[in-house]
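>>> Take a look and give me a structure for this.
(one chain, ligands or ions: 1)
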Amino acid sequence: MFCPECFAEYKPGFSECSDCKVSLIDRSPTPEEIADFQARMAGPIVEYREMVEITWTYNPMDIAILKSILDAEDIHYHLHGEQFSYARPWVQPTRLMVSADQADEVRELIKDLNLSIVAHVYNPEEEEEEGKT
Ligand SMILES: [Zn+2]
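Prediction:
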């Protein structure tokens, strides 16, 4: 005996699931039914959310600060290019991506944050001109 909703097992003699109020099925669930139930409970493996870019930085210290703030606020975020930046800092910025529905909240959170000046003044063209003089 099992409940087709929550897959609880019942001893013979019961006819209705006490939790789901549905009629029990008088046999054992098939492996297919169990797999289907488990998939339903687990939900989609990858949760899709639209991600938007909030800011970017060349400085691993900034990333550490951002992480601590976002973790504390329970923000779902992704640091694009993070591994690359740790291996070769200053070459490619790490971009802070957050889900679109939390973007405004995150912008507010980091608004007053004094992120690395290097991140925002770095300009490869300017550097080139300095090299010429
Ligand atoms: Zn049930």
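>>> low-scoring stretches of this structure, by residue?
Scanning the chain with the threshold set as pLDDT under 70 gives 43-49, 82-91, 114-133.
>>> Helices along this protein, start to end?
Taking DSSP state H to define them, one finds helices in the chain at 31-42, 60-72, 82-87, 103-110, 117-121, 124-132.
>>> Count the residues that sit near E9.
Applying other CB atoms under 10 Å, we find 11 residues neighbouring E9. Placement of C-beta: from N, CA and C, glycine included.
>>> The nearest residue to it once chain neighbours are set aside bridge partners, please.
Using CB to CB, 6 or more residues apart in numbering and skipping residues adjacent in sequence, the residue nearest E9 is F2, 5.3 Å away. Beta bridges link F2 to E9, I25 when assigned by DSSP bridges.
>>> Run through the residues of this structure sitting next to the ion.
Listed as neighbours of the ion in the chain under the rule CB under 5 Å from the ion: C3, E5, C6, C17, D19, C20.
>>> wait, isn't the residue nearest to E9 in contact with S28?
Yes: applying CB atoms under 8 Å, one finds F2 in contact with S28, separated by 6.7 Å.
>>> which one of these two has more residues nearby?
Neighbour count, other CB under 10 Å: between F2 and S28, F2 has more, with 19 against 11.
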